[in-house]
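Q: Provided below for reference: sequence and predicted model.
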Amino acid sequence: MYRLFCFLTLLSVLHCVQAQTYQEQLNAIHSSVTQQKDGKSFYVHIVKKGQTLYMISKAYGVDVNDIIEENPVVKEGLKADQKLLIPFPLQKKEDPSAKPETVNRKPEPGSQKLETGTRNPETGNQKPETGTRKPEPASSVIPCGSDTSALHKQYNVVLILPLYLEEVEAMNPETATEETIDNWNSLKYLPFYEGFRLAVDSLQKQGLHLLIHVYDLAKDSLKTQQLLKKDELRSADLIIGLLFNKNFQAVAKFARDHKIPIVNPLSERSDVVVNNEMVFKANPSRSTQIESLADFMQKSMYRGQIIIIRNGQFKDKDIADKLKKECLGRNLNVILAEGQDVAIGKLSKGKENVVVAFADNNAYALDLMRRFYELRNDYNLNLIGLTDWEKIEGLETDFLNGLSTHLVSPCFVDYTDKGVKTLVQRYQQVYKADPGSLSFQGFDVGYYFLSALMKFGKNFPSCIQDYRQKTSQTSFEFRRAGNNASNGFENRHWSVYKYESFKLVRVN
């Protein structure tokens, strides 16, 4: 517990150091160069390595979302030497009744376990000092979970993370460089816990009573077996394990034997749910992406013709044929074209042309977009980029917008959403940093599964297939893998979003 105390104290020190240097840094990075555009005044800011949106927004006294609105490309991440237009700040209205909130991250000594819970007269658990937004209630009323015996006054939840506590003593913030901090294993998965903690705080405000046990576990098989001997795991109502595969398999077997639902937040491996009905895989498998895209096109693009370009250089040689088969099974008008030249020759002037392209390098993707962009005034074009176009660097925003480019991804953050704005602001307030993908994932997994536990009790696995909940980044639609009762549940939802008026908009 002493190491854990040192670890969390060190993080607090790091936040304090950052806060102290911010005032000096903010004055230094504020640009004096201005520019007029569409009748509005902007500062011209050139991004330097290590700067964040949060830091830049504070330097200029504007909201993060105002910067995103004027510079949509920053949703893909900041890059060094990137040019940003920062709007002149308006007069800020202060709420005199608002009080700053703090997070109490100092655990009690004497244990290697973090426990948090609401004040309960029967157990005496203490609710933490933190809080966050109160998300909207579930949009649908599920005719499930009527068995009140499954509902408990308090639930025991186990969260297992690779925190690398044994490396904390070597972390020296006074001599650390930016590169050194990036290589600290102890900080890599911390954002997941921070997002998860905000979800816990939010649900506690709604009346959920929890006792949460947080354990540090990396790749040590012996420590895994020692952990599985603890009474807290045997009495758990839910286990969430952000673990390496070998460790997860061991904990998942334990969960199956003791009939405890266990969540795998990040793995793409389909085999984690095989022959284990207690596993919930939150990250959808690549094999379900094509089905999700075909479902979307059936609902939204059924009037047009779909042209799938086979790319001989793409690593998955059969993926184009798989998509064609899924389209034919949904009675869509689909053409499989061998290369870009053939695809261009198949374009129709009388129909919407939905061009699906597979690429995993920016040179091919940029060349394809350039060629079709030149044809945008002659044909009604929509481009769908697969499989990881959101990760490809160097794509021109004008091309993406002009071709109404659609992207398919396991997650999508809509920074214009009111709930997302609130979550981002709360995260910045508590942790003095911008939330990343792991932060959003921690919040979503925590909020979704803990709210299901709150609504349905220990019977939530029997209700999960019809349970929908508003989250920040990841949507959840769980199905039994292979429709086999002996397998676990897999999230099958892929987000489809497109460029529209130079903004990213979710369309499914």
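A: Okay, I see it. Numbers count the residues shown, from 1 in each chain.
Q: Where do the strands of the stretch 301-450 of the chain begin and end?
A: Per DSSP state E, counting those that start in this stretch, the stretch 301-450 of the chain carries strands over the ranges 305-310, 333-338, 352-359, 380-387, 406-409.
Q: Out of those, which is closest to V157?
A: With Cβ to Cβ as the measure, strand 406-409 is the member of these nearest V157 (28.3 Å). (C-beta placed from N, C-alpha, C; glycine too.)
Q: And the strands of the stretch 301-450 of the chain: which comes nearest D318?
A: strand 305-310 (9.9 Å).
Q: Quick one: closest of the strands of the stretch 301-450 of the chain to V47.
A: strand 406-409 (23.2 Å).
Q: Hmm, L423 is touching V430, no?
A: No - with contact defined as Cβ atoms under 8 Å, L423 does not reach V430; the gap is 10.7 Å.
Q: Out of these two, name the residue with the larger neighbour count.
A: L423 (28 against 21; other Cβ atoms under 10 Å).
Q: Spit out the contact partners of the closest residue to the more buried one other than its chain neighbours.
A: Of all residues not flanking L423 in the chain, S472 sits nearest, at 5.4 Å (Cβ to Cβ, 6 or more residues apart in numbering). Neighbouring residues of S472 by Cβ atoms under 8 Å, 6 or more residues apart in numbering: 413, 417, 419-420, 423, 440, 443-444.
Q: again, only using 7 Å
A: If a contact means Cβ atoms under 7 Å, 6 or more residues apart in numbering, then S472 has 413, 419-420, 423, 440, 443-444 as its contacts.
Q: What of D367?
A: Residues near D367 by Cβ under 7 Å, 6+ apart: none.
Q: if I look at it, how far off is D341?
A: Between D367 and D341 the computed distance is 12 Å (Cβ to Cβ, to the nearest Å).
Q: got it, and T177?
A: To D341, T177 is 50 Å away according to Cβ to Cβ.
Q: Show me which positions of stretch 472-484 end up buried.
A: 472-478, 480-481 (16 or more other Cβ atoms under 10 Å).
Q: mind listing the strands for the stretch 101-250 of the chain?
A: In the stretch 101-250 of the chain, the strands defined using DSSP E, counting those that start in this stretch lie at 114-116, 155-161, 210-216, 238-241.
Q: In TSV: these, plus distance to Y193 and mean pLDDT.
A: TSV is the format used below for the strands of the stretch 101-250 of the chain (distance: least, Cβ to Cβ, whole Å; pLDDT from 0 to 100):
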stretch	distance to Y193	mean pLDDT
strand 114-116	9	42
strand 155-161	6	94
strand 210-216	7	92
strand 238-241	10	95
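Q: which of those is buried the deepest?
A: strand 238-241 (a mean of 25; mean count of other Cβ atoms under 10 Å).
Q: Contacts made by that strand with the rest, please.
A: 155, 157-160, 248, 251, 255, 260-265, 445, 449, 453.
Q: coming back round to it: which of the strands of the stretch 301-450 of the chain sits closest to T34?
A: The nearest among the strands of the stretch 301-450 of the chain, by Cβ to Cβ, is strand 406-409 at 34.0 Å.
Q: packing partners for the closest one?
A: Of the remaining helices and strands, those touching strand 406-409 by 3 or more Cβ pairs under 7 Å, 6 or more residues apart in numbering; DSSP states H and E are strand 380-387, strand 495-500.
Q: out of those strands, nearest to F280?
A: Nearest to F280, of all the helices and strands packed on strand 406-409, is strand 495-500, at 18.7 Å by Cβ to Cβ.
Q: related to what we said a few turns ago, Serialize the strands of the stretch 101-250 of the chain to TSV and add fields for distance to R310.
A: Listed next are the strands of the stretch 101-250 of the chain as TSV, based on distance: least, Cβ to Cβ, whole Å:
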stretch	distance to R310
strand 114-116	51
strand 155-161	42
strand 210-216	47
strand 238-241	39
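Q: residues in contact with K317?
A: Neighbours of K317 in contact, by Cβ under 7 Å, 6+ apart: none.
Q: Provide the backbone phi and psi angles at it.
A: phi -70, psi -20 (degrees, to the nearest 10).
Q: For V507, the count of nearby residues, please.
A: 15.
Q: from what I can see it touches Y497, true?
A: Yes - assessed by Cβ atoms under 7 Å, V507 is found in contact with Y497 at 6.1 Å.
Q: can you list the domain ranges for the protein.
A: Domain segmentation of the chain under automatic domain parsing yields 2-87, 114-284+417-493, 287-409.
Q: Considering those, which stretch scores lowest in mean pLDDT?
A: Lowest mean pLDDT of the domains of the chain: domain 2-87, a mean of 72.
Q: residue ranges for the helices of the stretch 351-500 of the chain, please.
A: Along the stretch 351-500 of the chain, the segments classed as helices by DSSP state H, counting those that start in this stretch run 362-373, 397-402, 418-431, 437-456.
Q: got the end-to-end distance for stretch 182-201?
A: Criterion Cα to Cα, to the nearest Å; first-to-last residue distance in stretch 182-201 is 28 Å.
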